[in-house]
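Peer 1: okay, here's the prediction I keep looking at, along with the sequence it came from:
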Amino acid sequence: MLSILDRYFLRELAQTVAATVVVLLVIVAGSAFARVLQQVAGGSFPASVMFQVLGLRTLDGLTNMLPLASFIGVLMGLGRMYRESEMHVLASSGMGASGLLKPVLLLSGVLVLITAVVSLWLGPWAVRTSDMMVAAANRSVIAVGLDAGRFTDLPGKGGIIFVESLNRDGSQLGRTFVATQRDGDGQPHIKLVSAASGQLYQESDGGNRFIAFEKGWQYDIPLGTDDWRSMHYARNDTALSDVQGDEDDDPVHALDSWTLAGTDAPDARAEFAWRSNAPALTLVLLLLAVPLSRQNPREPRYGRLLLAVIIFYLYYLLLAMGRAQIGKGHWHNQAPLWGLHLLVVLFAAWLLWKQYSPRKIATSRPAAGNA
């Protein structure tokens, strides 16, 4: 049964953590939005799925954001109580370290569970869903920008295309007309293509996109001359804009955690180690936030916060270095990473013990001359 004090701590800390998550989520979404815009401009995927991809990638970014947001939220929540002397009043009333650790551990249990769900399941699912959505969009002429019943600029070809009808997924075209201009033999040429139907397809590697026109005519008209040429064809392929690959794509990052756990490749072991260590990182940071949040009312408001961010950065950097060692095959298990977590927990316990240990009372000695 929770006491009134426990419920008060939980409410205050949960509100601060939620506010911190919202702020950091806006920052992560802004960074992801800039990256998505860059990929759309580079041709990695069409603009029609931009916001869906943005939402999914922001969801994947929660794996790295939740531990930091939980750490800063608890740190700021407890720091406010110290600055307003609430913690000092409670300490003078007999509340010790256990009274503070209980609500923090209860909140930690919820946050660790959420982080585990995001890192082990929800994040990889978002990556896979995003990849499938982009692949499906790149296979559709609707995503390329074509629309039935109107003239549309042909992507990257300096021409126009008119499609009479499209099926639901945009892969099958009805009667089609295409006009492009090119330079050949020192003079511009107009190329006209008409077809009874068409179909969009992609190369096997997912790169270039083409429209295969069926049963139609092609005309090559050199401007300024009467040397026109016509050709009747059964099939005629026209290239659309290329699909530019994303240099940051990591196939291992999209695999589900069960597959990673059963894979012995170094990069797979490194990815699984990073996912499985995210909940532990959240728990250790919340335990570390308890002693780091203690401050006097006259201390600078963000002094402890700056110190905590530096400690988090070093902690996170060491974990990233450990992940790199696993990915290179130098380490074959996660034991060094769990050892690092244990060291940080011991450091947090030492800080907490130092703050709440009984202080020795200094005794004054009589001067030698007064003996």
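Peer 2: Ah, there it is. Since the structure is predicted, the reported quantities are computational estimates derived from the model, not experimental observations.

Peer 1: strands along the protein, start to end?
Peer 2: 151-154, 159-163, 172-173, 176-184, 187-202, 209-222, 229-239 (DSSP state E).

Peer 1: relative to residue 351, which of the ones you listed is closest?
Peer 2: Ranking those by proximity to residue 351 (Cβ to Cβ) places strand 187-202 first, at 57.4 Å. Where you see a C-beta, it was placed from the backbone N, CA and C, and this is true even at glycine.

Peer 1: sheet partners, orientation included, of the closest one?
Peer 2: Using DSSP bridges, the strands paired with strand 187-202 in its sheet are strand 172-173 (antiparallel), strand 176-184 (antiparallel), strand 209-222 (antiparallel).

Peer 1: wait, what's in contact with residue 107?
Peer 2: Listed by Cβ atoms under 8 Å, 6 or more residues apart in numbering, the contact set of residue 107 reads 10, 13-14, 17, 74, 286.

Peer 1: swap that for residue 19, please
Peer 2: Taking Cβ under 8 Å, 6+ apart, one finds residue 73 in contact with residue 19.

Peer 1: again, only this time at 10 Å
Peer 2: 69, 73, 76-77 (Cβ atoms under 10 Å, 6 or more residues apart in numbering).

Peer 1: return the distance of residue 311 relative to residue 175.
Peer 2: 67 Å (Cβ to Cβ, to the nearest Å).

Peer 1: also residue 124?
Peer 2: 44 Å.

Peer 1: tell me which of these two has more neighbours.
Peer 2: Comparing residue 124 with residue 175 by other Cβ atoms under 10 Å, the one with more neighbours is residue 124, at 24 against 14.

Peer 1: pull up the gap between the nearest residue to residue 274 once chain neighbours are set aside and residue 258, please.
Peer 2: Leaving out its chain neighbours, the residue that sits closest to residue 274 by Cβ to Cβ, 6 or more residues apart in numbering is residue 323, at 5.1 Å. Per Cβ to Cβ, residue 323 is found 20 Å from residue 258.

Peer 1: can you check residue 128 too?
Peer 2: To residue 258, residue 128 is 13 Å away according to Cβ to Cβ.

Peer 1: before we move on, what about residue 330?
Peer 2: Taken as Cβ to Cβ, the span from residue 330 to residue 258 is 25 Å.

Peer 1: quick one, what contacts residue 293?
Peer 2: 74-83, 87, 100, 104, 304-305, 308.

Peer 1: and the residue nearest to residue 261 when sequence neighbours are not counted, how many neighbours does it have?
Peer 2: Counting by Cβ to Cβ, 6+ apart, the nearest residue to residue 261 once its immediate chain neighbours are dropped is residue 272, at 5.7 Å. Residue 272 has 22 neighbours, counted by other Cβ under 10 Å.

Peer 1: residue contacts, residue 272?
Peer 2: 120, 252, 255, 257-263, 326, 334.

Peer 1: can you flag which of those belong to helices?
Peer 2: 257-261, 326 (DSSP state H).

Peer 1: verify the stated contact: residue 76 with residue 309.
Peer 2: No: Residue 76 is beyond contact range of residue 309, at 11.5 Å (criterion: Cβ atoms under 10 Å).

Peer 1: need the residues touching each of those two.
Peer 2: residue 302.

Peer 1: which one's more surrounded, the two?
Peer 2: Neighbour tally, residue 76 and residue 309, criterion other Cβ under 10 Å: the higher count belongs to residue 76, 21 against 15.

Peer 1: hey, which helix is longest across this structure?
Peer 2: Under DSSP H, the chain gives helix 4-42 as its longest helix.

Peer 1: list the buried residues in that helix.
Peer 2: Judged by neighbour count (16 or more other Cβ atoms under 10 Å), helix 4-42 contains these buried residues: 9-10, 12-14, 16-17, 20-21, 24-25, 28-29, 32, 36, 39-40.

Peer 1: any idea how far that helix is from the middle of the chain?
Peer 2: Centroid separation for helix 4-42 versus its chain: 12 Å, with Cα atoms, centre = their mean, to the nearest Å.

Peer 1: likewise for stretch 88-100?
Peer 2: With Cα atoms, centre = their mean, you get 40 Å for stretch 88-100.

Peer 1: for it, give me every contacting residue.
Peer 2: 3, 5-6, 8-9, 78, 81-82, 85, 87, 290-291, 293-294, 296-297, 349, 352-353, 355-357.
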